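Asker: Would you be able to build a 3D model of this:
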Amino acid sequence: MLNILWAAMIFAGIIFGIATGRGMEVNNAILEGGKSAVTIGMSMAGIVAVWSGIMKIAEKGGIIDSLSERLMPVLRRLFRQIPEGSPAFKYISANFTANFLGLGWAATPAGLEAMRELDKLNGRKKTASDSMCMFMIINMSSIQLITVSVIAYRKEFGSVLPADIIFPSIAATAVSTGVAVICAKICEKRSFGKWKP
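Answerer: Here you go, the predicted structure:
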């Protein structure tokens, strides 16, 4: 579905540009955008490799398991439907850790595994469970302590102080995550009793 939406927006933009007499500008934008995408992709490849490696070392070294234990009181309050000992907690912890560091690409595999585990626990296959909704909400609005990808993008585009984004991003993502969790808990209470966990 997203592929169709993106293709439609790109096609509409090109048609609009040509219709308004800006065909050359559209052509230049396509060429420059392609060049820029390759340059950024190459520069990000090293950062992705380094941080993905760090996450793998943390996982193998037991740091993720240790963090999971420390996060367990919070996770149990957020995900009341998940039984103790479920592997979903491990994947959720790994996902949250990667998101804290601003590593969306490293968070994705753990997030997919967490969703698979949550789906196994879901009693109604055509509707997302409260735990699945909570996980998605926190994942989308996650608190980011170090926005690695944004810092890398800012540096690539010539920012003098690329790390200046850290404190504003912590504040913004903390507020967004707090509001998201509160809204999810309100909806969870309203639906309690209508569905079996």
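Asker: so residue 174 is in which element?
Answerer: Assessed by DSSP states H and E, residue 174 sits inside helix 166-191.
Asker: Packing partners of that helix?
Answerer: Helices and strands touching helix 166-191, as assessed by 3 or more CB pairs under 8 Å, 6 or more residues apart in numbering; DSSP states H and E, comprise helix 130-141. Just so you know, the C-beta spots here come from the backbone N, C-alpha and C atoms, and that holds for glycine as well.
Asker: what angle do the helix holding residue 174 and helix 130-141 make?
Answerer: Here the directions of helix 166-191 and helix 130-141 differ by 160 degrees (axes from the mean of the first three to the mean of the last three CA atoms, to 10 degrees).
Asker: and the residue of the chain most remote from its centre, what element?
Answerer: Distance from the centre of the chain peaks at residue 21, with 38.8 Å (CA atoms, centre = their mean). With secondary structure defined by DSSP H and E, residue 21 is part of neither a helix nor a strand.
Asker: residues contacting it?
Answerer: Counting by CB atoms under 8 Å, 6 or more residues apart in numbering, residue 21 touches no other residue.
Asker: With residue 176 instead?
Answerer: With CB under 8 Å, 6+ apart, residue 176 has these contacts: residue 141.
Asker: go on, the one 4 residues further on?
Answerer: Remark: with contacts taken as CB under 8 Å, 6+ apart, residue 180 is in contact with 137, 138, 140, 141.
Asker: where's it relative to residue 101, distance?
Answerer: 19 Å (CB to CB, to the nearest Å).
Asker: can you check residue 15 too?
Answerer: Distance from residue 15 to residue 101, by CB to CB: 41 Å.
Asker: try residue 169
Answerer: Taking CB to CB, one finds residue 169 at 12 Å from residue 101.
Asker: Residue 6 now?
Answerer: 27 Å.
Asker: More neighbours: which of these two?
Answerer: Between residue 6 and residue 101, counted using other CB atoms under 10 Å, residue 101 has the larger neighbour count: 19 against 10.
Asker: Is it correct that residue 159 falls within a strand?
Answerer: No: counting by DSSP: H, G, I helix; E, B strand; the rest coil, residue 159 falls outside a strand, being coil.
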